[in-house]
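Trainee: only geometry, no sequence info:
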DNA sequence: AAGGTGACAGGGT
DNA sequence: TACCCTGCCACCT
């Protein structure tokens, strides 16, 4: 178990309900690796039910990771259950929904 | 050992 | 807004 994975999971778990963030924002906050590393880390999160990976999208607000969930629609389903509107695999009002780890609003 | 791949991002056109 | 190219870095052939 790489410590890097735990770091990414820890940040992901702090994403407020109903908000989303990006791979790049997490990489930027950790100041480790790159956005690709975060994508890789979340890929490993499959099976870790306590990690809300559905709240992490790419810079355009697209649900680029939906195909890695148990079902292709689960990611969108989870987001909508939190009040996040998703259309054509894209988060609506993305700039407003965006949350950066450094904000730490909770 | 070397090259390809990927849940990405930023800048140019 | 969209498409293309380049940088990124660990993992998997």
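Mentor: Great, that's in hand. On a predicted model such as this, the values are computed, not experimentally measured, just so you know. Residues are numbered from 1 along each chain as shown, chains lettered A, B, ... in the order given.
Trainee: quick check: buried residues in stretch A:46-59?
Mentor: Across stretch A:46-59, burial judged by 16 or more other Cβ atoms under 10 Å covers A:51-57. All C-beta spots, glycine's among them, are computed from the backbone N, C-alpha and C.
Trainee: distance of the nearest residue to residue A:36 once chain neighbours are set aside relative to residue A:77?
Mentor: In space, and not counting its chain neighbours, residue A:36 is closest to residue A:23: 7.8 Å by Cβ to Cβ, 6 or more residues apart in numbering. Using Cβ to Cβ, to the nearest Å, residue A:23 is found at 21 Å from residue A:77.
Trainee: returning to what we had before: filter the buried residues of stretch A:46-59 by proximity to DNA strand B?
Mentor: A:53-54, A:56 (Cβ under 7 Å from any atom of the strand).
Trainee: what is the nearest of the residues you listed to residue A:32?
Mentor: For those, the closest approach to residue A:32 (Cβ to Cβ) belongs to residue A:56, at 15.8 Å.
Trainee: excluding chain neighbours, give the residue nearest to residue A:9 in space.
Mentor: Counting by Cβ to Cβ, 6+ apart, residue A:9 lies nearest to residue A:51, which is 5.0 Å off, once chain neighbours are set aside.
Trainee: I should have written residue A:59 there, sorry.
Mentor: residue A:22 (5.4 Å).
Trainee: residue A:58 now?
Mentor: residue A:64 (4.5 Å).
Trainee: can you get me a residue count around that neighbour?
Mentor: Counted with other Cβ atoms under 10 Å, residues neighbouring residue A:64 total 16.
Trainee: how close does it get to DNA strand C?
Mentor: Residue A:64 sits 13 Å away from DNA strand C when distances are taken as Cβ to the nearest atom of the strand, to the nearest Å.
Trainee: assign that residue to helix, strand or coil.
Mentor: coil (DSSP: H, G, I helix; E, B strand; the rest coil).
Trainee: how near is it to residue A:4?
Mentor: 20 Å.
Trainee: now do residue A:24
Mentor: 16 Å.
Trainee: what sits against residue A:68?
Mentor: Going by Cβ atoms under 8 Å, 6 or more residues apart in numbering, residue A:68 touches A:43, A:46.
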